[in-house]
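> let me see the structure of the following:
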Amino acid sequence: MRIEACLLPLLLSACASTGIDRAPLQPDRPWVPHTDADGGLSVRPTDAAVLQHGFTLPANPSVDLPGGAAPVTGKRYALADLIDLAQELNPETRIAWNQARDAALAAGIARSAYLPRLTASVLAGAQSKHGGSAALGQSIDPRNRANGSLAVLSLQWLLFDFGQREALVTVADQHTVIANIQFTQAHQRLIHAVSLAFLRHATARTRMDATTASQADAKGLLAAAQARLQHGQGTVMDVAQARQQVAQAALAQVAAQGEQEEAYQQLLATIGISPLATLEIADAPARPVSHVDEALLDDVVRSALQRRPDVLAAVAAQQAASAGVRAARADFLPRLFVSASGSRRNGDMDISAVPSVGEQAPTVNLLSSHRWSSSLLFGLSVPLYSGGERNARLAQARNRAAMVANSLDRVKLDAVAEIVAAHSRLRTRLQATNAAQALLEASQLAHDAASAAYQRGVGSLTDVLAADRELLQARISLADADGAARAASVDLALACGNLGTAPGQGD
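Alright, predicted model coming up:
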């Protein structure tokens, strides 16, 4: 026995140390994984002599492309349609939904503390007794064996605890409120993200249209320069400069096309569908706002604080922390409970008590002379001393309540700063849009005048080329300014907690 007792720890230690074989052998060498028949990776030890392919993992055939509903063919998806699609397919909303459901289940568990605990256990086994004694030179070694079964039914019910369960239920309910608020916030953030991606795509499309129009103007100018050259009114230099303008316009169009494709891929990724899908995107709606009323800023901030998800979540957290203080105080007070049990024995086993098993409370004072036994007890539990644990828990609860109150103040300050900044940003973006619109109108007039003068033979090609470049820049500036103003309006709606639908549809 001594040899086995010494060898057993060594054997167990040897078995545990073999786990190191499942880690990479060296810090600068690749990990050689083991793959099963389905292509899955495991940490089973692999022969180091296996051919290695550097730091590249083997392909797992079970990994497929992301799923999701296929877009409807022939449908032009407006912003509201894209948001509906994202709310259905994006994983973030489902994660927030499951978290809200988990919090609701936790609140139900907290409420179950008001109900009694009823458990049943059935035990069966054998009992053996033996021992030795000597008397009058005779040795006696009696052996007794018995078997039987025992069924126990027990009831535990906490009747009164000075409001601790009520406080814990309040904590769970407020956590459910917070989870539901975060679910709403997840949808608002998704609407915000899809709206910004949609507006970026719309801006890229407008830039693409601007470069296409500029290329058409450049080609028209080239045709005019070639015609003047044929009639002896132009020069070869004019034609060369016109060709250069066409090439520059083509290059700008290629760059705009790349931006449009990149914005399209980002939009699909934000929605939560495969980038390989083909989606026909509708044009952006009319500009939602044209001015910002500074006199209503105080009302906007006040209303926003009353509906912003982060502020409401902080308020719910404060209420939960206050309930946590009440629950910690109740630990110092007595508890009134009732306990009942009933049991039935079969067989000849001599058992006086049954230990606790799972939720089954211990059953004591089983009578040997009766096959049936039962008990009903009312009790009062009074906490006397816990080594300062209850005092520490109460101090923790109070400190947590103080931190949550400070966090609420911090959230309010940050929210006000965010709202004011978004409000100011929208105002400046709208001003920039108005200025870009005026610049485009002036540039268009200058371009048309320079082109007409050149075609009549009274203007220079240099003036037309300069006007053409200025017109393209004005078109792009208006597209960027308008997209920035739309994005700023979406940012303000999110900052105010109003982004519950697609922008411009009741937000």
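> my read is that A197 contacts Y264, right?
No. Counting by Cβ atoms under 8 Å, A197 stays clear of Y264, with 9.2 Å between them. (Glycine included, C-beta is placed from N, CA and C.)
> chain center to stretch 392-401, what's the gap?
Between the mean C-alpha location of stretch 392-401 and the chain-wide mean there is a distance of 29 Å, by Cα atoms, centre = their mean, to the nearest Å.
> now do the buried residues in that stretch.
Buried residues in stretch 392-401, counted by 16 or more other Cβ atoms under 10 Å: R393, L394, A397, R398, R400, A401.
> of all those, which two lie farthest apart?
Using Cβ to Cβ, the two most remote members of the buried residues of stretch 392-401 are R393 and A401, lying 12.8 Å apart.
> can you give me the helices for this structure?
2-17, 79-89, 91-111, 164-230, 236-271, 297-305, 309-330, 389-455, 461-495 (DSSP state H).
> longest single strand anywhere in this protein?
For the chain, the strand that runs over the most residues, judged by DSSP state E, is strand 143-160.
> which residue is nearest the centroid of the chain?
E92 (4.8 Å; Cα atoms, centre = their mean).
> now do the contacts for that residue.
Each residue near E92 by Cβ atoms under 8 Å, 6 or more residues apart in numbering is listed here: A186, R189, L190, G272.
> confirm for me that the third one is in contact with L89.
I take that to be L190. No. Using Cβ under 8 Å, L190 is not in contact with L89, being 10.3 Å away.
> give me the more crowded residue out of those two.
Using other Cβ atoms under 10 Å, the more surrounded residue of L190 and L89 is L190, with 21 against 17.
> tell me which of the helices of the chain sits most buried.
A comparison of those by mean neighbour count, using mean count of other Cβ atoms under 10 Å, puts helix 461-495 on top with a mean of 22.
> relative to helix 297-305, how tilted is it?
Angle of helix 461-495 versus helix 297-305, following axes from the mean of the first three to the mean of the last three Cα atoms, to 10 degrees, is 50 degrees.
> other SSEs contacting helix 461-495?
In this structure, helix 461-495 makes packing contacts with helix 164-230, helix 236-271, helix 389-455, judged by 3 or more Cβ pairs under 8 Å, 6 or more residues apart in numbering; DSSP states H and E.
> how far is the second one from where the chain is centred?
This means helix 236-271. Here helix 236-271 is found 37 Å from its chain centre; the criterion is Cα atoms, centre = their mean.
> cool, and the last one?
Between the mean C-alpha point of helix 389-455 and the mean C-alpha point of its chain there is a distance of 23 Å (Cα atoms, centre = their mean).
> tell me the angle of it relative to helix 309-330?
In terms of direction (the same axes, to 10 degrees), helix 389-455 departs from helix 309-330 by 180 degrees.
> and the second one, by the same measure?
In terms of direction (the same axes, to 10 degrees), helix 236-271 departs from helix 309-330 by 30 degrees.
> and helix 236-271, what does it pack against?
Where contact means 3+ Cβ pairs under 8 Å, 6+ apart, helix 236-271 is packed against helix 79-89, helix 164-230, helix 461-495.
> ok, residues contacting stretch 201-220?
Contacts with stretch 201-220, where a contact means Cβ under 8 Å, 6+ apart, come from 242, 245-246, 248-250, 252-253, 255-257, 259-260, 262-264, 266-267, 281, 283-284, 447, 451, 468, 471-472, 475-476, 479-480, 482-483, 486.
> typo on my end, it should be stretch 296-311
For stretch 296-311, using Cβ under 8 Å, 6+ apart, the contacting residues are 181-182, 184-185, 188, 408, 411-412, 415-416, 419-420, 423, 495-498.
> recalculate using a threshold of 7 Å.
Contact with stretch 296-311 is made by 181, 184-185, 188, 411-412, 415-416, 419, 423, 495-497, as judged by Cβ atoms under 7 Å, 6 or more residues apart in numbering.
> could the helices of the chain go into a markdown table alongside distance to V152?
Below are the helices of the chain laid out as a markdown table (distance: least, Cβ to Cβ, whole Å):
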| stretch | distance to V152 |
| --- | --- |
| helix 2-17 | 36 |
| helix 79-89 | 52 |
| helix 91-111 | 25 |
| helix 164-230 | 27 |
| helix 236-271 | 58 |
| helix 297-305 | 58 |
| helix 309-330 | 31 |
| helix 389-455 | 32 |
| helix 461-495 | 60 |
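> out of those helices, which is closest to G342?
Judged by Cβ to Cβ, the one of the helices of the chain that comes nearest to G342 is helix 164-230, at 26.5 Å.
> tilt between the closest one and helix 309-330?
If you take the same axes, to 10 degrees, helix 164-230 sits at 160 degrees to helix 309-330.
> please state the offset of helix 164-230 from the chain centre?
Centroid separation for helix 164-230 versus its chain: 20 Å, with Cα atoms, centre = their mean.
> what does stretch 57-65 give?
With Cα atoms, centre = their mean as the basis, stretch 57-65 stands 25 Å off its chain's centre.
> and if you look at stretch 381-394?
With Cα atoms, centre = their mean as the basis, stretch 381-394 stands 39 Å off its chain's centre.
> please work out the average pLDDT along that stretch.
Summarised as a single mean, pLDDT over stretch 381-394 is 90.
> ditto for stretch 456-464
In this model, stretch 456-464 has a mean pLDDT of 81.
> identify the residues contacting it?
Residues outside stretch 456-464 that contact it (Cβ under 7 Å, 6+ apart) are L221, A225, Q233, D238, Q241, A242, A450, S451, A453, Y454.
> which one in the residues you listed is the model shakiest on?
Lowest pLDDT of the contacts of stretch 456-464: Q233, 76.
> all good on my end, thank you.
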